[in-house]
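S.K.: coordinates for the following, if possible.
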Amino acid sequence: MHRNVTHNKCYAICGQFADATLDFLRAKVPKNWNRFRDSVADNFRVISPRDFRVLT
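M.R.: Numbering: from 1, shown residues only. Got it, this is the predicted structure:
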């Protein structure tokens, strides 16, 4: 997504960035899945509230 939405691009307002991101996820990913599927990683971490505390 970084390469396709944000790389060397500047959005004047948050709405433009949101539109570009949603367009990429809704239209370009399904259309080009064969090209993107090899770069999708499953490196997610589950964060437990017991492991940290939030200071306010």
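
S.K.: from the contact counts, what lies against the longest helix along the chain?
M.R.: In the chain, taking DSSP state H as the definition, the longest helix is helix 14-23. In terms of contacts (3 or more C-beta pairs under 8 Å, 6 or more residues apart in numbering; DSSP states H and E), helix 14-23 is packed against no helix or strand at all. In this view, the C-beta of every residue, glycine as well, is placed from N, C-alpha and C.

S.K.: who's in contact with it?
M.R.: 1, 5-6, 9, 11 (C-beta atoms under 8 Å, 6 or more residues apart in numbering).

S.K.: are any of those buried, and which?
M.R.: Buried members of those, counted by 16 or more other C-beta atoms under 10 Å: V5.

S.K.: export the contacts of helix 14-23 to JSON lines and tack on pLDDT and secondary structure?
M.R.: Output for these, formatted as JSON lines (pLDDT from 0 to 100; DSSP: H, G, I helix; E, B strand; the rest coil):
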{"residue": "M1", "pLDDT": "83", "secondary structure": "coil"}
{"residue": "V5", "pLDDT": "90", "secondary structure": "helix"}
{"residue": "T6", "pLDDT": "89", "secondary structure": "helix"}
{"residue": "K9", "pLDDT": "90", "secondary structure": "coil"}
{"residue": "Y11", "pLDDT": "93", "secondary structure": "coil"}
